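Asks: Return atomic coordinates for the entry below.
(one chain, ligands or ions: 2)
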Amino acid sequence: MTDEQIKREALGALHKFFGYQSFYPVQWQVIDHVMHGHDAVVLMPTGGGKSMCYQIPALIKDGCAIVVSPLLALMKDQVDALVDAAVPAAAVNSQQSDSENRAVIEQAYQGHVKLIYISPEKLLADMDTWSRQLRVSLIAIDEAHCISQWGHDFRPEYAKLSQVKARFPDVPLLALTATADRLTRDDIRRQLHIDQARVFETSFDRPNITLNVVSESAARQKLSRIVRFISRHQGESGIIYCLSRKTTETVAEHLRKLGMNAAAFHAMMPTEHKLAVQRDFINDEVPIICATVAFGMGINKSNVRWVIHYNMPQNIERYYQEIGRAGRDGLPAEALMFYSYSDVITLTNFARESGQSRVNMEKLHRMQQFCESTVCRRRILLNYFDEAFDHDCHHCDVCSDPPERIDGTILAQKALSAIMRTGQQAGMTMIVDILKGASKAELAQAGYHLLKTYGAGRDLTFRQWNAYMLQMLQMGLFRIAYDENNHLKVTDYGQKVLYDRTGQVRVMLSKFDPRTFEQRQVQKKQQQTILPTKEQVDKELFEQLRLTRLALARAQGVPPYLIFSDKVLTVMAQEKPTTFAEFSVMYGVGEAKAQRYWRPFTDTIRRYNDSR
Ligand code: ADP
Ligand code: ZN
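Replies: Ligands and ions are numbered 1, 2, ... in the order given. Okay, here's the model as predicted:
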């Protein structure tokens, strides 16, 4: 094929099967490269459009593409989506019977299948036969970071994929991953024996995800903030990540009592139950999941609209991966994280018990710095992943509403003095109790009610003290002696602040604001939208289109987002197509889907128009 032909056919397939008009820049570079027979490593964040990089070449090249995927659920999702778009795709894996698998392979040998999704062990088991009998157009290795021991998700069965290149020397090999760290990237090439492969990379920024971080320790406060947050996201899907199994259950229970449709998910649940929860979430039947970290791997759902961290995650990698599950369709999504002193303690214990405590402690420390940051959060995140991001993002809480700075020297001196007067034998909670002048048995027993600093901080609330103490910890005024019952110890820097006689040493703190970011946003919005706008009216139609999609999905037994993404529904609600002709030229509507779905959706739109 000439370059001109490649371009024309690639665009033709993109339009025919997926209803899109153009490639993202890096997508096209990868496709062009693969069409010329070369190997590639593709690094894009979740939602970056990796699949198209191998699906389009698979569609326009002769033969059948082999796509290796580690998770059965992901495989099924991809195949269902392709089949719905009339692409001849199929899966070979251990969930299907031998005869089903054999039938797929037979079809492929006869040239009736363009893409085979396969688990690594199935490919390796029959690699000789495949290489002899199948005309392989390309091999794509999805979630390629699973091959690296450096990565966070090493899979032994992936390691054996190192044999693939030798067995298929002339077939272009693509390794794709959303893992951002450099060690893993380099390792992928080495392990797959494609040292010459070109690396294609896009920014790992996820600009559609708004970032919010809130210092909050009280469960009651967190829950009420969560309830307000979810009320702004009626009917939308989201995940609440918790550190403990018990919290997943109490939070889900709390939300259910308030009439919200929430379920818990954690590793100790029976497999059957876990699968059911996952399925209900994917199918838009239960929109809210309170989960431990185990949830989300292998979930491809593109319309997760928000992620809440009930507790601080242990490192930035994990945080980024978890918020990344929101907004894969590119529409606006929101991330909200709570962090507190007790999270720091719990996570420190985890880190110390882990095999690599030094590394994990350092990572935890970076996570804490991220929470306490007074500069753009996205700058910190992307710089953490070695991406030079040198401007403010304007859609994180720090950018939208920079914290007010206050002179906290006196506050710091009160706290440090309290710590010294306990002989540095008390933990954070006790120190705050002393400052507040709380009457607690344990406090009196230790004689702390007789200290000069007892009640010296009455003018602030417990929440304020907790938030300020955390900032002071972060600034290095005192440290936590984890091996001495978490007692607080004043550092050299803290001593300098406490005993300063020059009046030169100042401690600047970010002012504690009891309103949440979303409260402030809501206030801003209320001021802006007094009259119903066109957007709000469209929202009603969007809801009806969503119901139409849900009914179709239930009837077909596939997840709703596989029929059309939220993004396509949004465009539909704006453009309001009422005829086949209008429907078929819409963004995200390929030929097969136009035929299959134009009636139900245009009917809904016409009904909506008539009712107005
Ligand atoms: P990833 O695998 O990198 O997470 P996907 O391949 O699932 O990302 O793509 C994310 C979304 O973007 C999907 O809904 C996909 O249909 C859409 N998409 C991909 N390429 C394009 C394109 N060129 N134009 C419009 N939408 C696209
Ligand atoms: Zn920002």
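
Asks: When you work out contacts or count neighbours from here on, use the C-alpha atoms and nothing else.
Replies: Will do.

Asks: tell me the domain ranges of the protein?
Replies: Segmentation of the chain into domains, based on automatic domain parsing, reads 3-201, 209-400, 405-511, 534-611.

Asks: Let me know the pLDDT of the closest residue to ligand 1 within the stretch 501-612 of the chain.
Replies: Distances between the stretch 501-612 of the chain and ligand 1 by C-alpha to the nearest ligand atom are smallest at Ser565, namely 6.2 Å. At Ser565, the predicted lDDT confidence score is 94.

Asks: my read: it touches Asp329, true?
Replies: Yes - Ser565 is in contact with Asp329 according to C-alpha atoms under 8 Å; the separation is 6.6 Å.

Asks: Mind listing the shared neighbours of these two?
Replies: Taking C-alpha atoms under 8 Å, 6 or more residues apart in numbering as the criterion, Ser565 and Asp329 both touch 302-303.

Asks: Give me the spatial nearest neighbour of whichever residue of the stretch 201-350 of the chain sits closest to ligand 2, chain neighbours excluded.
Replies: Nearest to ligand 2 in the stretch 201-350 of the chain, going by C-alpha to the ion, is Leu211, at a distance of 7.9 Å. Nearest residue to Leu211, sequence neighbours excluded (C-alpha to C-alpha, 6 or more residues apart in numbering): Cys396, at 4.5 Å.

Asks: got a list of what that neighbour touches?
Replies: 210-212, 376-378.

Asks: from those, which two are the most distant?
Replies: Among these, the pair separated by the greatest distance (C-alpha to C-alpha) is Thr210 and Cys376, at 11.6 Å.

Asks: Need the residues touching each of those two.
Replies: Joint contacts of Thr210 and Cys376 (C-alpha under 8 Å, 6+ apart) are 396-397.

Asks: Can you name the residues of the stretch 251-400 of the chain that neighbour ligand 2?
Replies: Contact residues, the stretch 251-400 of the chain versus ligand 2 (C-alpha under 5 Å from the ion): 376, 392-394, 396, 399.

Asks: My guess is the residue of the stretch 201-350 of the chain closest to ligand 2 contacts Pro332. True?
Replies: No - applying C-alpha under 8 Å, one finds Leu211 not in contact with Pro332, separated by 11.2 Å.

Asks: Who has more neighbours out of these two?
Replies: Counted by other C-alpha atoms under 10 Å, Leu211 and Pro332 do not tie: Leu211 has more neighbours, with 22 against 16.

Asks: helix/strand/coil for that one?
Replies: What DSSP: H, G, I helix; E, B strand; the rest coil gives for Leu211 is strand.

Asks: What's the PyMOL line that selects buried ones from the residues of the stretch 251-400 of the chain next to ligand 2?
Replies: To isolate the buried ones among those in PyMOL, judged by 16 or more other C-alpha atoms under 10 Å, type:
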select buried, resi 376+393+396+399
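
Asks: Turn the residues of the stretch 251-400 of the chain next to ligand 2 into CSV, including distance to Leu138 and pLDDT.
Replies: Shown next, in CSV, are these (distance: C-alpha to C-alpha, whole Å; pLDDT from 0 to 100):
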residue, distance to Leu138, pLDDT
Cys376, 42, 89
Asp392, 41, 85
Cys393, 38, 90
His394, 41, 88
Cys396, 41, 94
Cys399, 44, 90
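
Asks: Pick out the most distant pair among the residues of the stretch 251-400 of the chain next to ligand 2.
Replies: Asp392 and Cys396, at 8.9 Å, using C-alpha to C-alpha across these.

Asks: list the residues that contact both of those two?
Replies: Residues touching both Asp392 and Cys396 comprise 376, 378, with contact defined as C-alpha under 8 Å, 6+ apart.

Asks: Just the residues contacting the lengthiest helix in the chain, thanks.
Replies: In the chain, taking DSSP state H as the definition, the longest helix is helix 534-556. Residues outside helix 534-556 that contact it (C-alpha under 8 Å, 6+ apart) are 283-284, 559-560, 563-564, 569-570, 572-574, 600-601, 604-605, 608.

Asks: If we use 6 Å, what do you get?
Replies: For helix 534-556, the external contacting residues (C-alpha atoms under 6 Å, 6 or more residues apart in numbering) are 559-560, 573.

Asks: Kindly report the same for stretch 576-584.
Replies: Contacts for stretch 576-584 (C-alpha under 6 Å, 6+ apart): 594, 598, 602.

Asks: residues near the second one, how many?
Replies: Other residues within reach of Trp598, judged by other C-alpha under 10 Å, total 19.

Asks: Please apply the same query to Asp128.
Replies: 12.

Asks: Can you tell me how far it is from ligand 1?
Replies: Remark: distance between Asp128 and ligand 1 (C-alpha to the nearest ligand atom, to the nearest Å) = 29 Å.

Asks: tell me which element that residue falls in.
Replies: Using DSSP states H and E, Asp128 maps to helix 127-133.

Asks: which helices and strands does the helix or strand that that helix is followed by pack with?
Replies: Proceeding C-terminally, helix 127-133 gives way to strand 136-141 as the next helix or strand, assigned by DSSP H and E. In terms of contacts (3 or more C-alpha pairs under 6 Å, 6 or more residues apart in numbering; DSSP states H and E), strand 136-141 is packed against strand 64-68, strand 173-177.

Asks: can you rerun that using 10 Å?
Replies: On a contact count with 3 or more C-alpha pairs under 10 Å, 6 or more residues apart in numbering; DSSP states H and E, strand 136-141 meets helix 25-35, strand 40-43, helix 50-60, strand 64-68, strand 115-118, strand 173-177.

Asks: How about the residues of this structure by ligand 1?
Replies: Counting by C-alpha under 6 Å from any ligand atom, the residues of the chain close to ligand 1 are 20, 22-24, 44-52, 328-329.

Asks: Can you select the buried ones among those for me in ChimeraX?
Replies: The buried residues among the residues of the chain next to ligand 1 can be selected in ChimeraX (16+ other C-alpha under 10 Å) with this line:
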select :20,23,44,45,46,47,48,50,52,328,329
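
Asks: what would the contacts of helix 534-556 look like in a markdown table with secondary structure and distance to Pro70?
Replies: Compiled in a markdown table, those are given as follows (DSSP: H, G, I helix; E, B strand; the rest coil; distance: C-alpha to C-alpha, whole Å):
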| residue | secondary structure | distance to Pro70 |
| --- | --- | --- |
| Pro559 | coil | 20 |
| Pro560 | helix | 23 |
| Ala573 | helix | 36 |
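
Asks: Please tell me how far the residue of the stretch 501-612 of the chain closest to ligand 1 sits from Cys146.
Replies: Counting by C-alpha to C-alpha, to the nearest Å, the gap from Ser565 to Cys146 is 28 Å.
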